[in-house]
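The following comprises the amino acid sequence and a computationally predicted model.
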Amino acid sequence: KQHMARGLPKQKPIAGVKQVIVVASGKGGVGKSTTAGKQVLIGLSASKTVGILDADVYGPSVPKLMSLKGNPELTDNNLMRPLMNFGIPCMSMGFLVEDVAPIVWRGLMVMSAIEKLLRQVDWGLLDYLVIDMPPGTGDVQLSITQNVPIAGAVIVSTPQDIALLDARRGAEMFRKVNVPVLGIVQNMSVFQCPKCNHQTHIFGADGARALADTLGVQVLGDIPLHLSIREMSDRGQPVVVSSPDSPEAEAYRKVATAV
Ligand code: ADP
(Lines give C-alpha, C1' and ligand atoms only; values in the text may rest on other atoms or scores of the structure.)
Protein backbone atom coordinates (compact mmCIF):
# COMPACT_ATOMS: atom_id res chain seq x y z
CA LYS A 1 0.00 0.00 0.00
CA GLN A 2 1.11 3.53 -0.60
CA HIS A 3 1.41 5.86 2.33
CA MET A 4 1.62 9.59 2.05
CA ALA A 5 4.23 11.27 4.13
CA ARG A 6 3.44 14.81 5.13
CA GLY A 7 6.61 16.76 4.52
CA LEU A 8 8.04 19.16 7.05
CA PRO A 9 10.18 22.00 5.73
CA LYS A 10 13.47 20.51 6.92
CA GLN A 11 12.70 17.07 5.52
CA LYS A 12 14.53 15.79 2.51
CA PRO A 13 13.83 12.43 0.88
CA ILE A 14 16.60 9.82 0.81
CA ALA A 15 17.99 9.58 -2.72
CA GLY A 16 16.54 6.63 -4.64
CA VAL A 17 14.08 5.66 -1.89
CA LYS A 18 10.34 5.83 -2.57
CA GLN A 19 9.01 5.22 0.93
CA VAL A 20 10.52 5.08 4.38
CA ILE A 21 8.90 2.95 7.05
CA VAL A 22 10.30 2.99 10.57
CA VAL A 23 10.06 0.10 12.98
CA ALA A 24 10.19 1.34 16.53
CA SER A 25 9.68 0.26 20.12
CA GLY A 26 9.52 2.00 23.44
CA LYS A 27 11.83 -0.49 25.09
CA GLY A 28 14.75 -2.66 24.01
CA GLY A 29 14.55 -6.40 23.70
CA VAL A 30 10.93 -6.64 22.59
CA GLY A 31 11.75 -7.92 19.11
CA LYS A 32 11.89 -4.70 17.10
CA SER A 33 14.96 -5.58 15.04
CA THR A 34 13.75 -9.10 14.40
CA THR A 35 10.46 -7.72 13.14
CA ALA A 36 12.18 -5.06 11.03
CA GLY A 37 14.46 -7.67 9.45
CA LYS A 38 11.60 -9.96 8.58
CA GLN A 39 9.52 -7.14 7.16
CA VAL A 40 12.31 -6.44 4.78
CA LEU A 41 12.76 -10.04 3.71
CA ILE A 42 9.07 -10.47 3.12
CA GLY A 43 8.86 -7.25 1.18
CA LEU A 44 11.50 -8.67 -1.07
CA SER A 45 9.63 -11.89 -1.67
CA ALA A 46 6.65 -9.73 -2.63
CA SER A 47 8.90 -8.41 -5.40
CA LYS A 48 9.39 -5.00 -3.87
CA THR A 49 12.89 -3.66 -3.63
CA VAL A 50 13.58 -3.20 0.04
CA GLY A 51 16.56 -2.17 2.11
CA ILE A 52 17.21 -1.96 5.81
CA LEU A 53 18.92 0.82 7.72
CA ASP A 54 19.92 -0.02 11.25
CA ALA A 55 19.67 3.28 13.09
CA ASP A 56 20.32 1.65 16.44
CA VAL A 57 23.81 3.07 16.69
CA TYR A 58 24.46 1.86 20.24
CA GLY A 59 23.22 -1.69 19.78
CA PRO A 60 23.26 -2.50 16.08
CA SER A 61 21.69 -5.90 15.45
CA VAL A 62 21.27 -5.98 11.68
CA PRO A 63 24.79 -7.38 11.06
CA LYS A 64 23.97 -10.45 13.12
CA LEU A 65 20.38 -10.79 11.91
CA MET A 66 21.43 -10.61 8.30
CA SER A 67 24.67 -12.51 8.78
CA LEU A 68 26.84 -9.70 7.51
CA LYS A 69 30.11 -8.14 8.49
CA GLY A 70 32.78 -5.98 6.99
CA ASN A 71 33.18 -2.37 5.97
CA PRO A 72 31.16 -0.77 3.21
CA GLU A 73 33.04 0.17 0.04
CA LEU A 74 32.85 3.70 -1.19
CA THR A 75 31.37 4.61 -4.56
CA ASP A 76 32.97 7.12 -6.93
CA ASN A 77 30.74 9.75 -5.33
CA ASN A 78 32.07 8.87 -1.90
CA LEU A 79 28.87 7.22 -0.79
CA MET A 80 28.83 4.01 1.21
CA ARG A 81 27.68 0.93 -0.64
CA PRO A 82 25.34 -1.16 1.54
CA LEU A 83 26.38 -4.74 2.30
CA MET A 84 24.10 -7.38 0.77
CA ASN A 85 22.63 -10.65 1.96
CA PHE A 86 19.47 -12.45 0.87
CA GLY A 87 19.46 -9.92 -1.96
CA ILE A 88 18.88 -7.10 0.49
CA PRO A 89 21.00 -3.98 0.88
CA CYS A 90 21.76 -3.36 4.56
CA MET A 91 23.51 -0.52 6.32
CA SER A 92 24.41 -0.46 9.99
CA MET A 93 26.69 1.31 12.44
CA GLY A 94 27.91 -2.23 13.10
CA PHE A 95 29.72 -2.13 9.73
CA LEU A 96 31.57 1.03 10.70
CA VAL A 97 32.86 0.24 14.19
CA GLU A 98 34.83 -2.64 15.69
CA ASP A 99 32.79 -5.56 17.00
CA VAL A 100 33.42 -5.04 20.69
CA ALA A 101 34.46 -1.40 20.76
CA PRO A 102 32.28 0.45 23.25
CA ILE A 103 30.21 3.10 21.54
CA VAL A 104 30.81 5.94 23.96
CA TRP A 105 29.74 8.96 22.04
CA ARG A 106 28.58 12.40 22.85
CA GLY A 107 25.21 13.46 21.49
CA LEU A 108 26.73 15.43 18.63
CA MET A 109 28.74 12.45 17.41
CA VAL A 110 25.67 10.28 17.47
CA MET A 111 23.84 12.84 15.39
CA SER A 112 26.61 13.01 12.84
CA ALA A 113 26.68 9.21 12.63
CA ILE A 114 22.93 9.18 12.00
CA GLU A 115 23.29 11.91 9.40
CA LYS A 116 25.90 9.75 7.62
CA LEU A 117 23.67 6.70 7.70
CA LEU A 118 20.76 8.69 6.33
CA ARG A 119 22.56 10.68 3.65
CA GLN A 120 25.76 8.99 2.63
CA VAL A 121 24.53 5.61 1.47
CA ASP A 122 24.00 4.61 -2.13
CA TRP A 123 20.78 2.57 -1.93
CA GLY A 124 20.21 2.35 -5.66
CA LEU A 125 16.45 2.34 -6.22
CA LEU A 126 14.23 1.10 -3.39
CA ASP A 127 10.48 0.81 -3.04
CA TYR A 128 10.89 0.72 0.73
CA LEU A 129 13.63 1.55 3.14
CA VAL A 130 12.86 0.09 6.54
CA ILE A 131 14.62 1.92 9.35
CA ASP A 132 15.24 -0.12 12.48
CA MET A 133 15.03 2.67 15.05
CA PRO A 134 16.84 2.72 18.38
CA PRO A 135 14.43 1.97 21.24
CA GLY A 136 12.86 4.88 23.06
CA THR A 137 11.93 8.46 22.30
CA GLY A 138 15.10 10.52 22.40
CA ASP A 139 17.03 12.92 20.20
CA VAL A 140 17.99 10.33 17.62
CA GLN A 141 14.43 9.24 16.98
CA LEU A 142 13.24 12.83 16.80
CA SER A 143 15.99 13.90 14.51
CA ILE A 144 15.30 11.05 12.06
CA THR A 145 11.62 11.92 11.93
CA GLN A 146 12.44 15.58 11.36
CA ASN A 147 14.99 14.97 8.63
CA VAL A 148 13.32 12.40 6.44
CA PRO A 149 9.72 12.16 5.22
CA ILE A 150 8.39 8.98 6.82
CA ALA A 151 5.41 7.15 5.38
CA GLY A 152 4.61 5.42 8.63
CA ALA A 153 5.76 3.86 11.87
CA VAL A 154 5.27 0.28 12.98
CA ILE A 155 5.47 -0.10 16.75
CA VAL A 156 6.59 -3.39 18.24
CA SER A 157 5.72 -4.31 21.81
CA THR A 158 5.29 -7.31 24.05
CA PRO A 159 1.94 -7.47 25.84
CA GLN A 160 3.62 -6.56 29.14
CA ASP A 161 2.36 -3.39 30.85
CA ILE A 162 5.75 -1.72 31.10
CA ALA A 163 6.52 -2.36 27.42
CA LEU A 164 3.10 -1.11 26.40
CA LEU A 165 3.51 2.06 28.38
CA ASP A 166 6.77 2.79 26.57
CA ALA A 167 5.22 1.79 23.25
CA ARG A 168 2.49 4.32 23.86
CA ARG A 169 5.06 7.04 24.46
CA GLY A 170 6.67 6.07 21.18
CA ALA A 171 3.37 6.26 19.34
CA GLU A 172 2.61 9.68 20.84
CA MET A 173 6.02 10.96 19.76
CA PHE A 174 5.35 9.94 16.14
CA ARG A 175 1.99 11.60 16.25
CA LYS A 176 3.51 14.83 17.51
CA VAL A 177 5.80 14.96 14.52
CA ASN A 178 3.05 13.95 12.07
CA VAL A 179 4.31 10.46 11.31
CA PRO A 180 1.30 8.17 10.89
CA VAL A 181 1.35 5.17 13.20
CA LEU A 182 0.52 2.23 10.93
CA GLY A 183 -0.16 -0.10 13.83
CA ILE A 184 1.24 -2.27 16.56
CA VAL A 185 2.91 -5.65 16.31
CA GLN A 186 2.39 -7.73 19.40
CA ASN A 187 5.45 -9.90 19.90
CA MET A 188 6.13 -12.81 22.25
CA SER A 189 2.49 -13.03 23.23
CA VAL A 190 2.10 -16.76 23.45
CA PHE A 191 4.49 -19.61 24.09
CA GLN A 192 3.42 -23.08 23.06
CA CYS A 193 5.30 -25.87 24.82
CA PRO A 194 6.86 -28.04 22.11
CA LYS A 195 6.45 -31.10 24.37
CA CYS A 196 2.87 -30.84 25.59
CA ASN A 197 1.46 -28.08 23.35
CA HIS A 198 0.22 -26.15 26.37
CA GLN A 199 -0.01 -22.42 25.62
CA THR A 200 1.31 -19.88 28.10
CA HIS A 201 0.97 -16.11 27.79
CA ILE A 202 4.27 -15.26 29.39
CA PHE A 203 3.98 -11.48 29.07
CA GLY A 204 0.18 -11.31 29.06
CA ALA A 205 -2.31 -11.99 26.32
CA ASP A 206 -3.99 -9.03 24.74
CA GLY A 207 -2.26 -5.89 25.91
CA ALA A 208 -1.30 -4.68 22.45
CA ARG A 209 -4.91 -4.83 21.34
CA ALA A 210 -5.96 -2.61 24.24
CA LEU A 211 -3.21 -0.13 23.37
CA ALA A 212 -4.13 -0.23 19.69
CA ASP A 213 -7.74 0.57 20.64
CA THR A 214 -6.62 3.47 22.83
CA LEU A 215 -4.53 4.87 19.99
CA GLY A 216 -7.14 4.09 17.35
CA VAL A 217 -4.71 2.00 15.25
CA GLN A 218 -4.64 -1.63 14.13
CA VAL A 219 -2.85 -4.61 15.58
CA LEU A 220 -0.77 -5.59 12.57
CA GLY A 221 0.02 -9.03 13.87
CA ASP A 222 0.69 -11.30 16.76
CA ILE A 223 4.01 -13.12 16.78
CA PRO A 224 4.38 -16.07 19.17
CA LEU A 225 7.42 -16.54 21.40
CA HIS A 226 9.12 -19.32 19.54
CA LEU A 227 12.48 -21.00 19.94
CA SER A 228 13.15 -21.19 16.22
CA ILE A 229 12.67 -17.42 15.83
CA ARG A 230 15.44 -16.82 18.35
CA GLU A 231 17.71 -19.59 17.12
CA MET A 232 17.41 -18.71 13.46
CA SER A 233 17.83 -14.99 14.09
CA ASP A 234 20.99 -15.68 16.09
CA ARG A 235 22.32 -17.71 13.21
CA GLY A 236 21.49 -15.01 10.71
CA GLN A 237 19.05 -17.37 9.01
CA PRO A 238 15.69 -15.66 9.53
CA VAL A 239 12.71 -18.06 9.73
CA VAL A 240 10.98 -16.44 6.77
CA VAL A 241 13.94 -17.57 4.66
CA SER A 242 14.91 -20.83 6.33
CA SER A 243 11.40 -22.19 7.00
CA PRO A 244 8.98 -20.10 4.97
CA ASP A 245 6.12 -22.57 5.50
CA SER A 246 6.24 -22.49 9.31
CA PRO A 247 3.48 -20.78 11.34
CA GLU A 248 6.11 -18.34 12.67
CA ALA A 249 6.99 -17.23 9.15
CA GLU A 250 3.28 -16.95 8.39
CA ALA A 251 2.83 -14.66 11.42
CA TYR A 252 5.48 -12.29 10.05
CA ARG A 253 3.97 -12.42 6.56
CA LYS A 254 0.64 -11.33 8.01
CA VAL A 255 2.31 -8.26 9.49
CA ALA A 256 3.94 -7.42 6.17
CA THR A 257 0.61 -7.68 4.35
CA ALA A 258 -1.09 -5.50 6.96
CA VAL A 259 1.57 -2.77 6.56
P1 ADP B 1 14.90 -5.32 19.99
O2 ADP B 1 15.26 -4.92 18.59
O3 ADP B 1 13.54 -4.86 20.39
O4 ADP B 1 15.93 -4.97 21.01
P5 ADP B 1 15.41 -8.02 19.08
O6 ADP B 1 14.65 -8.10 17.80
O7 ADP B 1 16.88 -7.86 19.00
O8 ADP B 1 14.79 -6.91 20.03
O9 ADP B 1 15.03 -9.30 19.94
C10 ADP B 1 15.62 -9.56 21.20
C11 ADP B 1 15.88 -11.05 21.31
O12 ADP B 1 14.65 -11.76 21.34
C13 ADP B 1 16.66 -11.62 20.14
O14 ADP B 1 17.51 -12.60 20.63
C15 ADP B 1 15.59 -12.23 19.23
O16 ADP B 1 16.10 -13.34 18.49
C17 ADP B 1 14.58 -12.70 20.27
N18 ADP B 1 13.21 -12.67 19.75
C19 ADP B 1 12.54 -11.65 19.20
N20 ADP B 1 11.27 -12.00 18.90
C21 ADP B 1 11.13 -13.30 19.28
C22 ADP B 1 10.06 -14.26 19.24
N23 ADP B 1 8.86 -13.92 18.76
N24 ADP B 1 10.31 -15.50 19.70
C25 ADP B 1 11.53 -15.83 20.19
N26 ADP B 1 12.57 -15.00 20.28
C27 ADP B 1 12.38 -13.73 19.83
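Great, that's in hand. Numbering: from 1, shown residues only.

Thought residue 193 was touching residue 225, still the case?
No - contact criterion C-beta atoms under 8 Å: residue 225 and residue 193 do not qualify, at 11.0 Å. For the C-beta atoms, the positions are set from N, CA and C on the backbone; glycine is no exception.

In terms of neighbours, single out the busier of the two.
The neighbour count for residue 225 versus residue 193, taken as other C-beta atoms under 10 Å, is higher for residue 225 (19 against 9).

does the strand or helix carrying residue 171 come close to the ligand?
According to DSSP states H and E, residue 171 maps onto helix 161-176. No - Helix 161-176 does not reach the ligand (C-beta under 6 Å from any ligand atom); its nearest approach is 9.4 Å.

roughly how far is the strand ranked longest in the chain from the heart of the chain?
Ranked by residue count under DSSP state E, the longest strand found in the chain is strand 181-192. Relative to its chain's centre, strand 181-192 lies at 14 Å (C-alpha atoms, centre = their mean, to the nearest Å).

which residues touch residue 200?
190, 191, 192, 193 (C-beta atoms under 8 Å, 6 or more residues apart in numbering).

For the chain, which residues are neighbours of the ligand?
Proximity of the chain to the ligand, by C-beta under 6 Å from any ligand atom, involves residues 25, 28-34, 61, 187-188, 223, 225-226, 229-230, 233.

Can you pick out the ones from those residues that are in helices?
Among the residues of the chain next to the ligand, the members falling in helices (DSSP state H) are 32, 33, 34, 229, 230, 233.

hang on, isn't the fourth one packed against residue 237?
No - with the criterion set as C-beta under 8 Å, residue 229 and residue 237 do not qualify as a contacting pair; they are 11.1 Å apart.

So for the two, which sits in the more crowded spot?
Neighbours per residue, other C-beta under 10 Å: of residue 229 and residue 237, the larger number sits with residue 229, 24 against 17.

before we move on, the earlier item: and for the helix holding residue 171, what are the contacting residues?
24-27, 30, 135-137, 141-142, 145, 153, 155-158, 180-181, 184, 203-204, 207-208, 210-211, 214-215, 217.

mind running it again at 6 Å?
For helix 161-176, the surrounding residues in contact (C-beta atoms under 6 Å, 6 or more residues apart in numbering) are 24, 26, 27, 30, 137, 153, 155, 157, 181, 207, 211, 215.

same deal with stretch 32-43?
Contacts of stretch 32-43 (C-beta under 6 Å, 6+ apart): 23, 25, 50, 52, 61, 65, 88, 128, 130, 132, 156, 185, 233, 238, 240, 252-253, 256.

what mean pLDDT would you report for it?
Average pLDDT, stretch 32-43: 84.

hang on, the earlier thing: ChimeraX command to pick out the buried ones of the residues of the chain next to the ligand?
A single ChimeraX command selects the buried members of these (16 or more other C-beta atoms under 10 Å):
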select :25,28,30,31,32,33,34,61,187,188,223,225,226,229,233
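
List the contacts of residue 94.
60, 63.

Okay, residue 11 and residue 165: tell me how far apart.
Distance, residue 11 to residue 165, using C-beta to C-beta, to the nearest Å: 29 Å.
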